[in-house]
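K.L.:
structure for the following, please:
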Amino acid sequence: MDPVQANLDTLAGGGRFVGRMWSCAAGGPCVVAVRPDGAYDLTAAFPTMSDLLASDDPAGAADAAEKRIGDPDELLRATLHLRAMGDDDHLLAPADLQALKACGVTFARSMVERVIEEQAEGDPAKADAIRREVAEVIGDSLRDVVPGSAQADKVKALLIEKGLWSQYLEVGIGPDAEVFTKSQPMAAVGFGADIGLHPISTWNNPEPEVVLAVAPTGKIVGACLGNDVNLRDVEGRSALLLGKAKDNNGSCSIGPFIRLLDDTFTLETIAGLDLTLGVDGEDGFRLDGASSMAEASRTPEDLAGQMIGPHHQYPDGAMLFLGTLFAPTEDRDEPGAGFTHKLGDIVTIAAPELGLLTNRVGLSTGIPPWTFGTGALMRNLAGRGLL
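P.N.:
The predicted model follows:
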């Protein structure tokens, strides 16, 4: 699959898409409406993506943009070959000042893998045996479980009775979702960028997810693709290491564009999205996977409401990862060792409605460092007379 053509096909299929690009002519990042025939500058009216998504009518603003400053084909192709900011006009992650948040264990069926990680204490060699034991205990009892329901309480009690208690049971099938900070504002990487693994990890995997764009009011205004890079061994050792497992240089990838909600793309559409995943290694290894939002245990509205509301405000809005059904068990090297990344892997996440997000795997210590933060953005915009 050609990543550029896949995204051009998505744009041609209709919908309203917005994103961010680095413009050498402007000397900084621009907020753009992206259409099949061009990228149109919105920066004069909306200096940040946060501003656009907080506006009364983001879709209407995208429709009204008239200043063409880029070609989608050229931007996508240039971005694929960049290793550092500033060489050419190129795409950026389509979020800036928003908080980068994530929900975990939102698919009751995938909760089993979180339990296995914890029971294995981060050791993939132990995971296969535990996986078989858990399957014997619960079988298909997690199918169609509604978190917080009487049925969920029975499943939880059964697992505890069998000595398979886990803190993941509470957030997986209890009333309250797991909501955590995935990364920092301005830290996300986008289409074509390198993603980073902390060098202490030896058991890790991609997580293909839908990411909601949420306005400061709590209103869901759009969605995009995301890779919630996961260090299974680090988180498996202790849930208290979640921050180290999830928030590292290049560990949060979103893009390529945000598709705004309209008559052709609704919350019902998001709830039914099917994502595909491919991992291609330099060793010739190929992994295929999928995640279907239709199998999520919690709705997008529920998850957004658990993140933002009277209990917690986000004045600049938020990007919220919705979790994944995908948890790879296929052996890559030794039997029973399961899957883990190798440096140079190409990860591809796609959905026809949202496009294709591709990244190359590296170490968080070896990929380009994060240097352009909120302060740099404010200075850049002020220098361009936009603030």
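K.L.:
next, count neighbours for the closest residue to residue 226 other than its chain neighbours.
P.N.:
Nearest non-adjacent residue to residue 226, counting by CB to CB, 6 or more residues apart in numbering: residue 211, 3.9 Å away. All C-beta atoms are positioned from the backbone trio N, CA, C, and that covers glycine. Using other CB atoms under 10 Å, residue 211 has 31 other residues around it.
K.L.:
centre of the chain to the longest helix that the chain contains, how far?
P.N.:
In the chain, assigned by DSSP state H, the helix with the most residues is helix 124-138. Distance, stretch centre to chain centre, for helix 124-138: 28 Å (CA atoms, centre = their mean, to the nearest Å).
K.L.:
begin at 7 from now on, thanks
P.N.:
Noted, 7 is the first residue going forward, which turns the last one into helix 130-144.
K.L.:
how about the CA coordinates for that helix, as PDB?
P.N.:
The C-alpha trace of helix 130-144 is given here as PDB (Å, rounded to 0.1, in the frame of the first residue of the first chain):
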ATOM      1  CA  PRO A 130       7.200 -12.500  27.600                       C
ATOM      2  CA  ALA A 131       8.500 -16.000  28.200                       C
ATOM      3  CA  LYS A 132       6.000 -16.500  31.000                       C
ATOM      4  CA  ALA A 133       3.100 -14.900  29.100                       C
ATOM      5  CA  ASP A 134       2.200 -17.800  26.800                       C
ATOM      6  CA  ALA A 135       1.600 -20.200  29.700                       C
ATOM      7  CA  ILE A 136      -0.500 -17.700  31.600                       C
ATOM      8  CA  ARG A 137      -2.500 -16.900  28.500                       C
ATOM      9  CA  ARG A 138      -3.500 -20.500  28.200                       C
ATOM     10  CA  GLU A 139      -4.500 -20.600  31.900                       C
ATOM     11  CA  VAL A 140      -6.600 -17.500  31.600                       C
ATOM     12  CA  ALA A 141      -8.400 -18.800  28.500                       C
ATOM     13  CA  GLU A 142      -9.300 -22.000  30.400                       C
ATOM     14  CA  VAL A 143     -10.800 -20.000  33.200                       C
ATOM     15  CA  ILE A 144     -12.900 -17.400  31.400                       C
END
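K.L.:
which parts of it are buried?
P.N.:
Of the residues in helix 130-144, 130, 133-134, 136-137, 140, 144 count as buried by neighbour count, 16 or more other CB atoms under 10 Å.
K.L.:
many thanks, we can stop here.
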